[in-house]
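Student: could you work out the structure for the sequence below:
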Amino acid sequence: QVRLVESGGGLVQAGGSLRLSCAASGRTFSDFLMGWFRQAPGKEREYVASISWNYGSTNYADSVKGRFTILRDNAKNTVNLQMNTLKPEDTAIYYCAAKYADLSDYTQHRQYPYWGQGTQVTVSS
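Tutor: Residues are numbered from 1 along each chain as shown. Sure thing, here's the model as predicted:
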C-alpha cells in the first residue's frame with residue numbers, strides 16, 4: 001500500500017525559504033511520477049511541480065519557476081521541494097502526490113491516485 005507523508009511546513013517571512021519533504025513507502029516508485037500540489041483557502045488545488053522518479057526530469061508551474069526546486073533522494077525514498085524567495089501568495093496546504101508515469105496530464109490533480117495528508121505553509125508579509 002502506497003503511503004506518502006509530508007513534513008517541513010511552517011511559518012516564514014516573505015523572502016524566506018522552506019524545504020518540504022515527502023517520504024514514500026509501500027512499493028518501488030521507479031515507474032512513478034511524483035508531484036507537489038497546493039491548495040489555498042477557497043481555491044482549487046493547483047499544480048506546483050513534478051519529477052520522474054526514474055529519469056529525474058522535472059516540471060514546474062510558471063508561478064514557482066526559478067524559486068522552487070523539486071528533488072528526489074533515491075536512497076531515502078523521499079521527494080523534496082526546496083522553496084526559496086517565498087511570497088505571501090505561496091501560502092497554502094502543500095500536498096505530495098504520486099501517479100504512474102503514463103501520458104496523462106501531470107498538472108491535473110485528478111490524475112494522481114495517491115496523496116499525502118498535507119503540510120501547511122504560511123508566508124507572512
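Student: for the rest of this, base every contact and every neighbour count on C-alpha atoms.
Tutor: Fine.
Student: who does whichever strand or helix holds residue 33 pair up with?
Tutor: Assigning secondary structure by DSSP states H and E places residue 33 in strand 32-39. Counting by DSSP bridges, the strands paired with strand 32-39 are strand 46-52 (antiparallel), strand 92-100 (antiparallel).
Student: quick one: average pLDDT of it?
Tutor: What strand 32-39 shows for mean pLDDT is 97.
Student: what's next to it, contact-wise?
Tutor: If you take CA atoms under 8 Å, 6 or more residues apart in numbering as the criterion, strand 32-39 is touched by 45-54, 79, 81, 92-101, 106, 109.
Student: then stretch 80-92?
Tutor: With CA under 8 Å, 6+ apart as the test, stretch 80-92 has contacts from 13-22, 36, 38-41, 67-73, 120-125.
Student: could I get the strands paired with strand 32-39 as JSON lines with distance to residue 27, mean pLDDT and mean neighbour count?
Tutor: Shown next, in JSON lines, are the strands paired with strand 32-39 (distance: least, CA to CA, whole Å; pLDDT from 0 to 100; neighbours: other CA atoms under 10 Å):
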{"stretch": "strand 46-52", "distance to residue 27": "16", "mean pLDDT": "97", "mean neighbour count": "22"}
{"stretch": "strand 92-100", "distance to residue 27": "12", "mean pLDDT": "97", "mean neighbour count": "24"}
